[in-house]
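# Here is a sequence with its predicted model. Questions after.
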Amino acid sequence: MALELLSPAGSPEALRAAVQSGCGAVYLGWGDFNARRGAKNFTDEEFATAIRYCHVRGVRVFLTLNTLLTDRELPLALDAARTACRLGVNSVLVQDWGLFDLLRQALPDLPLHASTQMSVFTSGGVDELYRDGCERVVIARECSGADTAAACRSCPAEIEIFGHGALCMCYSGQCEMSALIGGRSGNRGTCAQPCRLPYGFNAPAKNTYPLSLKDSCLAGRIAEMERMGVSCLKLEGRMKRPEYVAVITDIYSRLIREGRKPTPAEKRDLELAFSRSGFTEDYWQGRRGPAMFGTRPENAPEPKELFAAARTRYEKGDARTVPIHFSCVCQSGQPASLTVWDEDGHAVTVSGAVPEPAQNKALTAADLEARLQKTGGTAFRCADGSAQVEDGLFLSAGAVNALRRDALAALEEARCAVPERRELEFAPLPDADCAAEAPKLTVSVSAWAQAEVLLPLSPARLYVPLELLAERDALPELSGEWCAVLPRVWRDRDESQLRQWLAHARALGVTAALAGNIGHLSILRDSGLRIYGDFGLNVFNSRALNYLRQKGLASACLSFELRFPQLRDIRKILPAEAIVYGRLPLMITENCLVQNETGCRLSEENAAVPRQAPCRKPNYLQDRTGARFPLLPAYGHRTEIQNSAPVWLADKPEWKHCGLSFARLRFTTETPEECQEIYRAYLDGSPALDTFTRGLYYRGVD
């Protein structure tokens with residue numbers, strides 16, 4: 001299958017720019033449930049018109065419904081998908097597990113694509129989604145060429161990658177920085193891009209940008225993608241202007257069509273259209289480091305000549321036409337007949353006026369062919385045609401024009417025909433009620449010293465990172481349950497080590513594992529451990545909880561972007577958990593931020609970060625307000641950025657009355673003594689710490 005070029009369409013004009021510049025498909029937002037709510041997007045009328053405009057020209061249309069949804073929003077999102085399905089949209093991109101489950105049931109013939117917001121970066125994750133009904137998976141931007149090739153080999157699912165445009169610092173779907181700092185959720189389509197702001201490393205903020213990555217440009221890697229079997233190359237940019245879309249689409253479409261790398265002039269045009277201190281392809285090459293980072297000045301000049309030329313090309317509207325062929329028969333006493341066909345298998349035949357005997361000059365086949373070839377102002381261009389005309393007949397110019405017009409209209413209808421798709425009833429949620437009168441306390445730790453002091457307090461569950469368990473020869477007695485926490489980010493090459501560690505953990509007496517990614521399930525199913533869902537799965541509604549129940553999970557942590565009433569209203573089809581204390585994770589980054597600053601020179605092959613590593617020491621980023629965000633090492637020599645203040649709810653009653661089965665205290669930077677004190681405070685309902693936040697449980701997110 002040829003590599004499909006997928007272009008952004010943040011507005012009707014951007015859509016026209018993409019189509020006229022040679023894309024194979026466009027992705028766009030319609031309604032309130034897409035990850036770029038700040039783009040102009042499309043009205044109802046514009047959306048229907050856009051689908052027709054694209055389909056008649058052979059361009060596919062993908063609708064983005066890729067945000068997290070509350071229980072109240074799910075029916076509206078399903079209605080939007082139904083309407084899009086009836087209009088003939090080619091696929092829907094989804095992030096939310098609840099909507100994914102609904103669409104599989106209610107619209108089983110509508111192709112589904114897993115958004116990059118689902119945080120898929122392993123073959124196991126791709127395969128899990130394919131077996132659940134995803135036609136295509138958009139893998140994480142952080143995946144290397146080797147990771148991508150492994151995903152392509154492992155599973156029949158189509159693999160889509162972001163080939164050009166902005167790189168998020170955090171793994172998509174895992175970023176909470178905008179939500180927790182400013183109440184604008186990237187998972188809900190309103191990210192404020194705090195990663196583009198200045199931060200200081202272990203110092204006050206200055207004119208440095210440790211979270212601002214350069215844009216990606218894989219224009220020179222297209223041949224590699226095609227050899228791997230990548231199905232689709234995606235261009236980022238729904239928030240950018242139509243001229244930008246036209247420039248990058250035109251260049252990438254030529255590169256794909258002509259099977260070559262970009263020329264120096266094309267590279268220059270890509271950079272002029274938009275870049276941040278140039279481009280990077282380091283993720284594709286499996287590299288990380290400070291060379292990947294860059295910014296764009298606010299006063300960067302607009303490439304007026306480049307954009308003007310691009311606008312002139314796409315506004316003409318004749319760069320993207322469909323080649324057609326025709327055959328016409330004109331006989332005495334019979335209506336003129338015209339058959340038109342395209343090269344995609346569509347053919348139509350229409351009848352027109354009955355020709356009259358010629359009074360003066362008779363109609364010739366050459367005359368009729370010349371008139372029928374005039375397709376100006378339409379989406380078609382005549383490649384060739386033939387006419388058979390009986391001698392001595394006349395057909396007026398108006399009759400010929402009507403014949404041609406009717407044939408092209410019929411061909412347009414054929415090209416825009418909506419496939420037959422079933423619309424079925426979906427199953428009601430099960431009657432299971434796992435709501436609890438009051439939650440039991442659980443704890444997660446980042447160090448053994450924290451775990452040891454909490455043992456006498458008898459938490460219901462003690463969550464320990466899998467790599468910490470691998471260091472132990474035995475575990476102390478615990479009245480509750482030992483639970484292994486799998487790394488939130490890993491790669492295929494790590495899975496052998498993770499399976500060994502899981503077997504060791506089970507031998508120690510660990511009975512459960514915490515899964516924070518859909519790809520964990522393929523690792524855990526044969527581990528003999530109970531599977532609990534972690535916050536990384538972004539459980540936002542009752543349907544999502546039911547989806548995980550069907551996947552075999554025994555409980556799940558709900559999203560900390562939900563407000564208390566929303567937590568309460570979620571039907572507890574599974575025992576549910578929420579984080580009620582701790583520094584919430586803002587980002588998990590592929591780059592080790594400490595290494596970028598200090599050059600700690602850890603081996604990339606050493607997935608577990610050694611105890612003596614510089615990134616184990618206390619480090620933080622400081623923003624312009626003076627807030628400090630601790631940096632914790634993460635598996636794979638990555639970084640997890642923590643919020644500047646912990647959530648404190650010990651003195652609030654709401655968390656005890658939401659039907660939760662478990663309430664988690666998340667310990668990260670706390671000393672062992674602080675862990676004990678905080679645990680007891682939650683038993684006693686003690687007042688807040690000096691510096692704290694209520695998280696999003698009261699204010700929620702946009």
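That came through fine.

# I'd say Arg549 and Pro575 touch.
No: here Arg549 lies out of contact with Pro575, judged by C-beta atoms under 8 Å, at a distance of 10.0 Å. Glycine gets a C-beta too; all of them are placed from N, C-alpha and C.

# could you point out where the stretch 501-650 of the chain is predicted with low confidence?
Applying pLDDT under 70 to the stretch 501-650 of the chain picks out residues 600-614.

# Would you map the helices across it?
520-524, 542-550, 564-569, 593-598 (DSSP state H, counting those that start in this stretch).

# As CSV, could you dump the C-alpha coordinates of stretch 451-469?
The C-alpha trace of stretch 451-469 is given here as CSV (Å, rounded to 0.1, in the frame of the first residue of the first chain):
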residue,chain,number,x,y,z
ALA,A,451,7.8,1.7,52.1
GLU,A,452,9.5,0.5,55.2
VAL,A,453,8.1,3.1,57.5
LEU,A,454,4.6,2.7,56.1
LEU,A,455,4.4,-1.1,56.7
PRO,A,456,3.2,-0.8,60.3
LEU,A,457,0.3,1.5,59.2
SER,A,458,-1.1,-1.4,57.1
PRO,A,459,-2.1,0.2,53.8
ALA,A,460,-4.5,-1.8,51.8
ARG,A,461,-2.1,-1.8,48.9
LEU,A,462,1.6,-0.8,48.7
TYR,A,463,2.6,0.1,45.1
VAL,A,464,6.3,-0.3,44.5
PRO,A,465,8.1,0.3,41.1
LEU,A,466,9.0,-2.9,39.5
GLU,A,467,12.7,-2.0,39.2
LEU,A,468,12.8,-1.5,43.0
LEU,A,469,11.3,-4.9,43.6
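
# taking the mean pLDDT, what do you get for that stretch?
Averaged over stretch 451-469, pLDDT sits at 97.

# before we move on, back to that, can you lay out the helices of the stretch 501-650 of the chain as JSON lines showing mean neighbour count and distance to Glu73?
Formatted as JSON lines, these follow (neighbours: other C-beta atoms under 10 Å; distance: least, C-beta to C-beta, whole Å):
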{"stretch": "helix 520-524", "mean neighbour count": "22", "distance to Glu73": "26"}
{"stretch": "helix 542-550", "mean neighbour count": "23", "distance to Glu73": "11"}
{"stretch": "helix 564-569", "mean neighbour count": "17", "distance to Glu73": "11"}
{"stretch": "helix 593-598", "mean neighbour count": "20", "distance to Glu73": "35"}
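
# closest to Val418 out of the ones you listed?
For Val418, the closest of these is helix 542-550, at 26.7 Å, according to C-beta to C-beta.

# for the closest one, the distance to its chain's centre please.
20 Å (C-alpha atoms, centre = their mean, to the nearest Å).

# Stretch 351-368 too?
Centroid displacement of stretch 351-368 relative to its chain, using C-alpha atoms, centre = their mean, is 58 Å.

# Identify all contacting residues around it.
By C-beta atoms under 8 Å, 6 or more residues apart in numbering, the residues outside stretch 351-368 that reach it are 328, 330-338, 386-396, 399-400, 402-403, 406.

# Pull out the buried members of those residues.
Neighbour counting with 16 or more other C-beta atoms under 10 Å marks 328, 330, 335-338, 387, 389, 393, 395, 399-400, 403, 406 as buried within the contacts of stretch 351-368.

# just those residues now: which is nearest Ala503?
Nearest to Ala503 among the buried ones among the contacts of stretch 351-368: Asp406, at 70.8 Å, using C-beta to C-beta.

# That closest one against Val350, yeah?
Yes: between Asp406 and Val350 there is a contact under C-beta under 8 Å: 4.5 Å.

# any common contacting residues for these two?
Listed as contacting both Asp406 and Val350 by C-beta under 8 Å, 6+ apart are Leu338.

# From the contacts of stretch 351-368, which land in helices?
Judged by DSSP state H, helices contain the following of the contacts of stretch 351-368: 399-400, 402-403, 406.

# Distance to Glu452 and pLDDT for the residues you listed - can I get that in TSV?
Shown next, in TSV, are the ones in helices among the contacts of stretch 351-368 (distance: C-beta to C-beta, whole Å; pLDDT from 0 to 100):
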residue	distance to Glu452	pLDDT
Ala399	93	96
Val400	91	96
Ala402	88	97
Leu403	87	97
Asp406	83	97
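
# quick one: the helices in the stretch 251-400 of the chain?
264-273, 304-316, 365-372, 397-415.

# Check which helices and strands the helix or strand just after the longest one sits against.
Right, the one you point to is helix 397-415. Sequence order places strand 440-444 as the next helix or strand after helix 397-415, per DSSP states H and E. Strand 440-444 sits against strand 461-465, strand 662-666, helix 672-684, with contacts defined as 3 or more C-beta pairs under 8 Å, 6 or more residues apart in numbering; DSSP states H and E.

# who wins for proximity to Arg422 among the ones you listed?
Arg422 lies closest to strand 662-666 among the helices and strands packed on strand 440-444, at 39.5 Å (C-beta to C-beta).

# I'd like to check the angle between that closest one and strand 461-465, please.
Here strand 662-666 points in a direction 40 degrees away from that of strand 461-465 (axes from the mean of the first three to the mean of the last three C-alpha atoms, to 10 degrees).

# The helices of the stretch 501-650 of the chain: which one's closest to Gly582?
Closest to Gly582 of those is helix 564-569 (C-beta to C-beta; 16.4 Å).

# Leaving out the residues flanking it, which one is nearest to Pro204?
The spatially closest residue to Pro204, leaving aside those adjacent along the chain, is Gln622, at 5.7 Å (C-beta to C-beta, 6 or more residues apart in numbering).

# Any chance of a markdown table for the helices of the stretch 251-400 of the chain, columns distance to Arg563?
Supplementary listing: the helices of the stretch 251-400 of the chain in a markdown table, determined by distance: least, C-beta to C-beta, whole Å:
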| stretch | distance to Arg563 |
| --- | --- |
| helix 264-273 | 41 |
| helix 304-316 | 43 |
| helix 365-372 | 64 |
| helix 397-415 | 47 |
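
# Please name whichever of those helices is nearest to Ala447.
The minimum distance between Ala447 and those falls on helix 264-273, with 45.4 Å, by C-beta to C-beta.

# Cys434: which of the buried ones among the contacts of stretch 351-368 is nearest?
The nearest member of the buried ones among the contacts of stretch 351-368 to Cys434, counting by C-beta to C-beta, is Asp406 at 62.4 Å.

# Contacts for stretch 565-577, please.
Applying C-beta under 8 Å, 6+ apart, the set of residues contacting stretch 565-577 is 70-71, 429-430, 432-436, 439, 442, 532-533, 541-542, 545-546, 548-549, 553-558, 562, 578, 657-664, 697, 700.

# one more time with 7 Å, if that's ok
The list of residues contacting stretch 565-577 from outside it, by C-beta atoms under 7 Å, 6 or more residues apart in numbering, reads 70-71, 429-430, 432-435, 442, 541-542, 545-546, 548-549, 553, 555-558, 578, 658-664.

# Derive a ChimeraX selection command for the buried subset of the residues you listed.
In ChimeraX, this line selects whichever of the contacts of stretch 565-577 come out buried by 16+ other C-beta under 10 Å:
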select :70,71,434,435,442,541,542,545,546,548,549,553,555,556,557,558,578,658,659,660,661,662,663,664
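
# Show me the strands in the stretch 251-400 of the chain, by range?
Using DSSP state E, counting those that start in this stretch, the strands of the stretch 251-400 of the chain run over residues 279-280, 322-330, 337-342, 347-351, 356-357, 380-389, 393-394.
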